[in-house]
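# coordinates for the following, if possible.
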Amino acid sequence: MDTKKEVLAILQDLTGEDLTDRMDENIFANGLMDSMASVQMLLNLQEKFQIDVPVSEFDRNEWDTPNKIVAKVENLENE
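Numbers count the residues shown, from 1 in each chain. Predicted structure coming up:
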């Protein structure tokens, strides 16, 4: 499974934007994601990658760009 490709597909479903060329763009600061969308993103990531990301431990600063999201998912997959 291509983690980056799958994460970008989830983000595109949630934001309506193709972020392939915007991997370091802050998706919260630019208004593409809000708190409700972040919960949906976590649920989608957990289902797709079989990882556990408790909403209570979600730190927006660690998940605010596509690159950071890919890195977090890869780290959680390797735990």
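
# so the residue most central in space within the chain versus residue 60, what's the distance?
Central residue of the chain (CA atoms, centre = their mean): residue 69, 4.3 Å from the mean position. With the distance defined as CB to CB, to the nearest Å, residue 69 ends up 11 Å from residue 60. Heads up, the C-betas are built off the backbone N, CA and C, glycines and all.

# can you check residue 75 too?
In this view, residue 75 and residue 60 are 17 Å apart by CB to CB.

# of the two, give the one with the bigger neighbour count.
Neighbour count, other CB atoms under 10 Å: between residue 75 and residue 60, residue 60 has more, with 13 against 10.

# name the nearest residue to the more buried one, sequence neighbours excluded.
residue 28 (5.9 Å; CB to CB, 6 or more residues apart in numbering).

# go ahead and confirm the one you found touches residue 61.
No: at 9.1 Å, residue 28 does not count as touching residue 61 under the criterion of CB atoms under 8 Å.

# neighbour count winner among the two?
Under the neighbour definition other CB under 10 Å, residue 28 and residue 61 were set side by side, and residue 28 has more, 16 against 8.

# which strand or helix spans that one?
Under DSSP states H and E, no helix or strand contains residue 28.

# point out where the protein drops to low pLDDT.
The chain contains no residues with pLDDT under 70.

# top helix in it by residue count?
The longest helix of the chain (DSSP state H) is helix 35-49.

# after it, next one along is what?
helix 66-77.

# and residue 44, how many neighbours does it have?
Neighbour tally, residue 44, other CB under 10 Å: 17.

# from residue 53, how far off is it?
From residue 44 over to residue 53 the distance is 10 Å, taken as CB to CB.

# could you do residue 43 as well?
9 Å.

# more crowded one of those two?
Using other CB under 10 Å, the more surrounded residue of residue 43 and residue 53 is residue 53, with 17 against 13.
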